[in-house]
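Engineer: Need a 3D model of the sequence below.
(chains A and B)
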2 protein chains.
Amino acid sequence: MSSETSVTFDRLKAFIQEAMIKLGLPAQDAATVAALMATADLQGSDGHGVSRLPQYARRIRAGGVNVRPDIRVVHDHPGTAVLHGDNGMGHLVMKRAAEIAIDKARTTGIAWVNSQYSNHAGPASLYASMPLAHDMIGLYFAVGNANHLPPWGGLDMLLSTNPIAAAIPAGDERPIVLDMATTVAAYGKVKTKALRGETMPEGWMIDREGKPLTDPKRADEGMLLPLGGMEAGYKGYGLAMIIGLLAGTLGGAAMGRDVIDFNHDDDSVTNTGQAIAAINIAAFGDIATFKRSVDALVRDFRSSRRMPGVERISVPGERSAEMREKRAHGGIPLAPALLQGLDRVAEELGMAKLR
Amino acid sequence: MSSETSVTFDRLKAFIQEAMIKLGLPAQDAATVAALMATADLQGSDGHGVSRLPQYARRIRAGGVNVRPDIRVVHDHPGTAVLHGDNGMGHLVMKRAAEIAIDKARTTGIAWVNSQYSNHAGPASLYASMPLAHDMIGLYFAVGNANHLPPWGGLDMLLSTNPIAAAIPAGDERPIVLDMATTVAAYGKVKTKALRGETMPEGWMIDREGKPLTDPKRADEGMLLPLGGMEAGYKGYGLAMIIGLLAGTLGGAAMGRDVIDFNHDDDSVTNTGQAIAAINIAAFGDIATFKRSVDALVRDFRSSRRMPGVERISVPGERSAEMREKRAHGGIPLAPALLQGLDRVAEELGMAKLR
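Structural biologist: Now for the predicted structure:
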């Protein structure tokens, strides 16, 4: 990785922010999107941060994303809402959705907000983590923006990698943050492999004859394997379907054949759907007791006896948190192919390059 | 399976009900438990129905379960509650929890109820399905009653198979009902294999050296593999942990090292935790539109092109529904080993045998 360039979080954020302003977003919205995208890179979600900027720029310039959306609540109940994103950047829609959910959960104990007419919003963990600061648990579900998964046993691409994320506050320990695609590998990981010129391990994707596919540049010819793989993939398939129903269908957003493949379509309205829940721990008992229990659990897990060859046991979110600390000091590495893509964006928008 | 005896749903329910009354449950509670247990068998959840009766009877007689519980709400908010099960049968606690969630979701749009001091309640799908009749989506999470899963890379049994279930109403199609353990195989399936004298496929369990374990009678020597298997089991591990935190820790119930192994302990209070959510579809838009979308999705999935050798494509819950219809007509088959166990229960309780 010696050929990689590193940039600071602030530099990266400023670059994205400038690009978003050049693309027509209001300054405040550009700052919000830039902060979330740069945070994705900071925590190691490389497939969901600045690597998406060239694509976002392309879609915005093609008219596929509304840069001045009127994001508004279209259905409202004490514990729920449906937020119409007006085809704005997904980051703006889901940050707002999280704020609404947190606010409602203060009185109801739990709140659930669906988006419709949203767009790709980056890593699920960003939004699931927003309730943490309010001593709430966050859950997040999303319909992915391209179908790479058929129903179990099928060939038609009717499902995306539909991710689920959950964030649970701890006391002295770091919060537990799970963020997972319901496929063996997320499609963003496939893209990262392609950008880095690496091959994929067997088990990530298969071709239409069911044979392993390991060249990420041939990804279009194959399909992702649902979580569980060849053996129990019907479970991952079931999870992907349920998440799609909760995050898409429930909120009146696209799901199944209605999902737009935003890798091959720059101007159609995607009607992306996501859902976020905030669960107010105070409604279930004493917050300090809860946090002590989570701390104790994390420590029990960490100090478990280990299988031969295993150096440490992690809990979900631990490695992202460490990455965040590492990159906050050492900078965020950017692969050469990505940098070239960002250079082109800078050129097109008439702004200074990142490096 | 020609050596198997078949019984009708009504006969099975009556047998369980009589046993529960003999064990000390009030008649109404005995009827509730019996109906839920027999329904588990009817839908093919063989590891979670009457096969558990000998164990339930043993625990009740050992004083491990309270037959006259005072099930009560101990924390209450508009959209949430914590239900204290007073160590009663889990079926009673979670049926009540579902009713509370459904009732609250009518006004709030979503409600979430945790149990504490509950017990094993049978298949997760039973409770997740309860909101369906009210045009609501049901979600259910539970902490399993024995730890067979270490943290990823570890050897200490700190997690159970913690299941997740989801039920989504459809229109003309059957509801979509997912019910899955977060391990490759549920422990109940291991028990069923043992009862039937069959071996397990490779990939369900490993021994403490990481080698495949296929003899279900040796299950105590090994551990279940989390969903994802050797390749992506850290995802199943993460899911199991999050579900345990939501269903156990959040409600003040046992999780991690506090979980009682009810296969080897008849008299300790398990403090089992479960959580159920009801999501009111009407709060998110038009119910008929939602159901039409679900129907269309199911049909798209079903008519997908298939991989070579695949005869049909199912959606979650379809096979259970077919099993329910088949067994409603043809009866519920009971394996010889199970029948012998039920005969012993009948003898101990001084009641007529099932056959």
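
Engineer: Please make it C-alpha for all contacts and neighbour counts, starting now.
Structural biologist: Fine.

Engineer: mind listing the helices in chain A by residue range?
Structural biologist: For chain A, the helices defined by DSSP state H cover A:9-22, A:27-42, A:53-61, A:90-108, A:124-128, A:187-196, A:229-247, A:287-302, A:318-330, A:336-349.

Engineer: and the last one, what does it pack onto?
Structural biologist: For helix A:336-349, the helices and strands in contact under the criterion 3 or more Cα pairs under 8 Å, 6 or more residues apart in numbering or on different chains; DSSP states H and E are helix A:9-22, helix A:53-61, helix A:187-196.

Engineer: for the helices of chain A, which one sits closest to B:Thr5?
Structural biologist: Nearest of those to B:Thr5, taken as Cα to Cα: helix A:229-247 at 30.4 Å.

Engineer: could you give the mean pLDDT of the closest one?
Structural biologist: Across helix A:229-247, pLDDT averages out at 95.

Engineer: which parts of the stretch 51-200 of chain A sit against chain B?
Structural biologist: A:75-82, A:107-112, A:151-156, A:158, A:166, A:178, A:180, A:184 (Cα under 8 Å from any Cα of the partner chain).

Engineer: Which of these are buried, as a PyMOL select command?
Structural biologist: Applying 16 or more other Cα atoms under 10 Å in any protein chain shown to these, the buried members can be selected in PyMOL as follows:
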select buried, chain A and resi 75+76+77+78+79+80+81+82+107+108+109+110+111+112+151+152+153+154+155+156+158+166+178+180+184
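
Engineer: Where strands are concerned, which of the residues of the stretch 51-200 of chain A next to chain B count?
Structural biologist: Of these, the ones assigned to strands by DSSP state E are A:His75, A:Asp76, A:His77, A:Thr80, A:Ala81, A:Val82, A:Ile110, A:Ala111, A:Trp112, A:Ala166, A:Leu178, A:Met180.

Engineer: Who are the contact partners of the third one?
Structural biologist: By that I understand A:His77. Residues near A:His77 by Cα atoms under 8 Å, 6 or more residues apart in numbering or on different chains: B:Thr107, B:Thr108, B:Gly109, B:Ala283.

Engineer: Chain A versus the second one, what's the distance?
Structural biologist: Going back to what we said before, that points to B:Thr108. 5 Å (Cα to the nearest Cα, to the nearest Å).

Engineer: Quick check: that residue touching A:Asp76?
Structural biologist: No: here B:Thr108 does not reach A:Asp76: they are 9.5 Å apart, not a contact under Cα atoms under 8 Å.

Engineer: Setting the sequence-adjacent residues aside, check what's closest to A:Ile313.
Structural biologist: Nearest residue to A:Ile313 in three dimensions, chain neighbours excluded: A:Arg302, at 5.3 Å (Cα to Cα, 6 or more residues apart in numbering or on different chains).

Engineer: roughly how far apart are that neighbour and B:Asp207?
Structural biologist: 21 Å (Cα to Cα, to the nearest Å).

Engineer: Low-confidence ranges, chain A, go.
Structural biologist: Low-confidence segments of chain A (pLDDT under 70): A:1-3.

Engineer: now do 80
Structural biologist: For chain A, applying pLDDT under 80 flags the ranges A:1-4, A:188, A:355.

Engineer: center of it - which residue?
Structural biologist: By Cα atoms, centre = their mean, chain A has its centre lying nearest to A:Pro123, at 1.9 Å.

Engineer: so who does that one touch?
Structural biologist: A:Pro123 is in contact with A:Ala40, A:Ser45, A:His48, A:Gly49, A:Asp179, counting by Cα under 8 Å, 6+ apart.

Engineer: and these, which two are the farthest apart?
Structural biologist: Within those, two members stand farthest from each other by Cα to Cα: A:Gly49 and A:Asp179, at 14.6 Å.

Engineer: Thanks again, I'm all set now.
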